[in-house]
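>>> What follows is a predicted protein model with its sequence.
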Amino acid sequence: MGEPQDVRFESCYAQWDGHALTVGNGLIRRQWRVENGLLYATSLMDAETGREWLARPSQRPAPYPNVTLSDEAREVRFRAFEKRDMPVEAPSLVAELRAEGVPATLTYRFQIFPEAAGIVVQLAVEGIKPDAGGGTDATGHAAASGVELVDAGRPAREMPVADGLEALTLAPQHLRLTQVTLMDRTDVHNELVFENEWLLHTNESNLLLRGNLFVIEDTLTRSGLIFLKQAPLPHARPLQSPYDLFVKGAARAFGFYGHGMGQGVRGGYAFTLLVYQGGRIGRIEALHRYQRQVRLYDPQRDGLFLSNTWGDRSQDSRIQASFMMKEIQAGARLGVDVVQIDDGWERGRTSNSVESAQKGGVWEGYWAADANFWAPDPARFPDGLSPVVEAARERGMWFGLWFGPDSANEFGNWERDAEVLLRYHRDLGINYFKIDGVKARTKPGERNLRRFFNRVLQGSGGRVVFDLDVTAEVRPGYWGMMRVGPLFVENRYTDFHRYWPHQTLRNLWKLSHYVHPIRLRMEFLNQARNTDRYADDPLAPACYRPDYLFATVMMANPLGWFEVSNLPSAYFETVAPLAQVWKTHRERLQGGRIFPVGETPDGTSWTGFVSVDEDGRDGYLLIFRERNARASWPTELPMVADGRYKVEPLAGEGAARLCDRTLEVEIGRAQAFLFARLAAQ
């Protein structure tokens with residue numbers, strides 16, 4: 001077992017005495033008993049409050065692979081070290097337990113960040129092939145549909161051990177369980193966030209639930225646990241698990257399942273267990289803080305205003321050097337940070353091209369179709385991309401490109417794809433890439449896609465930013481590859497009568513309860529187009545001022561989903577001044593703790609966001625009065641410190657007062673907003 005070790009990094013520590021492993025920081029502490037290379041949870045403590053969450057040590061080992069292990073002896077080796085996996089990630093302490101045996105060797109990896117109240121765990125298996133999974137669980141019952149399965153009048157089934165991530169029996173008697181279901185494939189889904197809630201009861205013999213994110217809260221103290229599986233959403237996982245959570249309500253026993261190992265891939269998905277206090281506000285903060293450790297916020301790189309011409313539906317028909325020069329000039333007037341060309345800059349033709357029928361467009365197999373697929377189109381850009389990149393740089397803007405990693409042969413060309421982007425990064429200084437067309441259908445494909453992203457992040461020193469499109473097909477989604485960059489959430493078009501500002505605001509507001517807004521790319525459109533498709537609609541895009549549309553996505557990464565050179569003058573008159581104010585305050589705004597406040601946006605609500613510093617005494621308000629007859633609105637802001645505040649309007653219209661955490665806002669007309677600075681007096 002080796003000598004006892006105690007390894008520390010800042011507030012983090014990993015301790016090994018030959019029989020027990022303890023990992024923690026100033027926020028959380030976990031302990032496992034180790035027997036013959038298997039881990040049994042013995043303690044889960046909120047280190048800030050000293051509260052122990054476990055009722056008793058677990059009798060079932062976890063993590064445990066999706067195979068049955070023999071009882072052969074395993075020699076356990078321990079090591080721990082400071083590490084920064086990727087240049088975009090915060091430094092952390094990593095501990096590894098390696099249990100060596102025949103035929104199986106188990107490697108447990110634990111990661112803890114100084115600023116996050118959670119511990120990341122991941123299991124890898126060598127020497128045996130994990131089962132590929134299937135449509136039934138280890139007890140032979142059919143796969144869960146995402147809601148509870150009730151066995152009325154039948155004895156509770158035993159939780160299986162195989163394919164287990166966590167096995168916990170919790171101490172609090174009164175628990176609320178929330179299953180958080182997020183939707184991607186937004187080309188066919190618009191409502192993106194669902195919460196199913198159970199106040200656990202002894203009658204609840206079994207719950208079998210699918211998902212990536214579960215919250216367990218003590219209703220008496222409003223403190224809780226958050227379980228996050230860092231994997232694609234259930235529908236998009238190459239290997240399906242029949243359920244992710246098995247709850248025995250009478251015993252307050254929770255089993256989390258589904259490593260996703262198989263098809264020659266020995267490493268399972270990482271998962272994280274976080275602690276929090278303070279109900280919903282504390283839950284949001286704990287999840288956001290963790291995400292900002294996985295991908296550190298860099299104000300010079302992140303949260304920028306990006307334009308992309310595809311939203312005006314000309315596809316690639318107008319893409320050429322002269323047109324992009326007009327886009328750059330107009331983008332500079334509007335306040336754009338990154339001018340991006342969507343599909344159409346490249347020599348090859350995709351299935352989305354207007355020339356697809358004539359030139360045989362493809363949606364994968366790019367290298368097989370044309371060995372020079374990713375060279376600039378010589379007809380559209382006869383001098384290459386350098387002139388347009390330099391023109392953008394001269395006006396203080398970055399330049400971005402659309403790119404599709406080749407899904408063919410399980411991303412077998414991932415190294416060539418990575419070299420293409422690194423070459424554009426090194427030679428032209430292009431750092432912003434929209435990633436589209438991804439089909440991660442197998443475990444090797446998923447692994448190679450991750451290698452592609454990692455190679456580019458490492459090779460660029462973290463300067464390259466990927467917008468990972470989650471609008472269609474089989475993709476990593478919200479939790480599968482969190483550190484690569486923001487998520488390109490929606491394709492919405494007025495041409496198809498599919499864009500409403502309040503719907504985009506609703507999705508951002510609801511997602512921000514779980515996904516940090518800095519991880520979301522959200523669009524606003526040219527509201528002067530296709531007005532005839534919205535006849536007699538009081539929530540039509542044209543019913544809002546252009547600066548309101550920009551404000552709806554100001555807390556995320558704003559996407560100007562239009563041809564900037566085709567915008568009406570009202571955009572330059574209203575959006576450009578707001579964008580300048582936003583840029584002045586952007587670093588403090590995005591660097592604060594961001595919370596959605598008010599009512600759920602539906603086109604008629606009072607709603608918005610608050611960003612406050614660590615002390616809760618300095619920050620920003622962004623409040624929307626949607627279409628309603630209420631000229632004033634009060635609400636409580638529990639995330640700010642008690643006391644009186646100076647509220648300084650920065651943009652929009654109206655006024656606000658904040659005292660003793662009670663906010664009162666007045667906006668004189670409907671479909672208007674207020675952006676204001678908060679400062680404690």
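Thanks, I have it. Residues are numbered from 1 along each chain as shown.

>>> right, and Arg498 touches Thr504 too?
No: counting by C-beta atoms under 8 Å, Arg498 stays clear of Thr504, with 10.7 Å between them. Backbone N, C-alpha and C define where each C-beta goes, glycine included.

>>> between these two, who's got more neighbours?
Here Arg498 and Thr504 are set side by side on neighbour count (other C-beta atoms under 10 Å), and the busier one is Thr504, at 25 against 15.

>>> would you say the more buried one is within a strand?
No: read with DSSP: H, G, I helix; E, B strand; the rest coil, Thr504 is helix and lies in no strand.

>>> Check Gly127 and give its pLDDT.
According to the prediction, Gly127 has pLDDT 88.

>>> can you count the residues close to it?
12.

>>> Do I have it right that it meets Leu106?
No: counting by C-beta under 8 Å, Gly127 sits too far from Leu106 to count as a contact (9.3 Å).

>>> and the residue sitting nearest the centre point of the chain, what is it in contact with?
With distances taken as C-alpha atoms, centre = their mean, the residue of the chain nearest its centroid is Tyr478 (4.0 Å). Shown in contact with Tyr478 (C-beta atoms under 8 Å, 6 or more residues apart in numbering): 182, 184, 212, 233, 470, 487, 514-515.

>>> buried stuff in the longest helix seen in the chain?
The helix spanning the most residues in the chain, taking DSSP state H as the definition, is helix 569-591. Neighbour counts over helix 569-591 (16 or more other C-beta atoms under 10 Å) mark 571-572, 574-576, 578-579, 581-582, 586, 589-590 as buried.

>>> could you point out which element follows it?
strand 593-598 (DSSP states H and E).

>>> Just checking the distance from that following strand to the centre of its chain.
Here strand 593-598 is found 17 Å from its chain centre; the criterion is C-alpha atoms, centre = their mean, to the nearest Å.

>>> pLDDT of that strand, averaged?
Here the average pLDDT along strand 593-598 is 98.

>>> Am I right that Val76 falls within a strand?
Yes: per three-state DSSP, Val76 lies within a strand segment.

>>> That one and Leu220, how far apart?
39 Å (C-beta to C-beta, to the nearest Å).

>>> With neighbour numbers in mind, choose between these two.
Taking other C-beta under 10 Å, Val76 and Leu220 do not tie; Val76 has more neighbours (22 against 10).

>>> Pretty sure the more buried one sits against Gly101.
No: the pair Val76 / Gly101 is not scored as a contact, 9.6 Å apart, by C-beta under 8 Å.

>>> Who are the packing partners of the helix or strand bottoming out on mean pLDDT in the chain?
The weakest-scoring helix or strand in the chain, judged by mean pLDDT, DSSP states H and E, is helix 356-359 (a mean of 90). In terms of contacts (3 or more C-beta pairs under 8 Å, 6 or more residues apart in numbering; DSSP states H and E), helix 356-359 is packed against no helix or strand at all.

>>> Give me the next element, helix or strand, following it.
Following helix 356-359 in sequence, per DSSP H and E, is helix 366-369.

>>> Now stretch 560-570: buried residues?
For stretch 560-570, by 16+ other C-beta under 10 Å, it's 560-567.

>>> Distance from stretch 597-614 to the middle of the chain?
Distance of stretch 597-614 from the chain centroid (C-alpha atoms, centre = their mean) equals 20 Å.

>>> what distance separates the start and the end of that stretch?
With C-alpha to C-alpha, to the nearest Å as the measure, stretch 597-614 spans 18 Å from end to end.

>>> contacts for that stretch?
Residues contacting stretch 597-614 (C-beta under 8 Å, 6+ apart): 500, 502, 505-506, 509-510, 512, 517, 539, 555, 588-590, 592-596, 618-628, 630, 633, 635, 637, 639-640, 665, 673, 678.

>>> Report the buried residues of it.
597-599, 601, 603-613.

>>> how many other residues sit next to the residue nearest to Arg455 when sequence neighbours are not counted?
With C-beta to C-beta, 6 or more residues apart in numbering as the criterion, Arg455 has its nearest non-adjacent residue at 4.0 Å, and that residue is Ala418. When neighbours are defined as other C-beta under 10 Å, Ala418 has 20 of them.

>>> can I assume Ala418 is in contact with Phe452?
Yes: if you go by C-beta under 8 Å, Ala418 and Phe452 touch, sitting 5.2 Å apart.

>>> Specify the local secondary structure of the nearest residue to Leu165 once chain neighbours are set aside.
In space, and not counting its chain neighbours, Leu165 is closest to Phe256: 4.2 Å by C-beta to C-beta, 6+ apart. Following three-state DSSP, Phe256 is assigned to strand.

>>> related to what we said a few turns ago, what does the longest helix of the chain contact?
So helix 569-591 is contacted by 297, 299, 302-303, 305, 333-335, 517-518, 526, 528, 545-547, 549-551, 554-555, 611, 613, 618-620, 650-652, 675, 677 (C-beta under 8 Å, 6+ apart).

>>> So how do I select the buried members of these in ChimeraX?
Here is the ChimeraX command that picks out the buried ones among the contacts of helix 569-591, judged by 16+ other C-beta under 10 Å:
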select :297,302,303,305,334,335,517,518,526,528,545,546,547,549,550,551,554,555,611,613,618,619,620,650,651,652,675,677
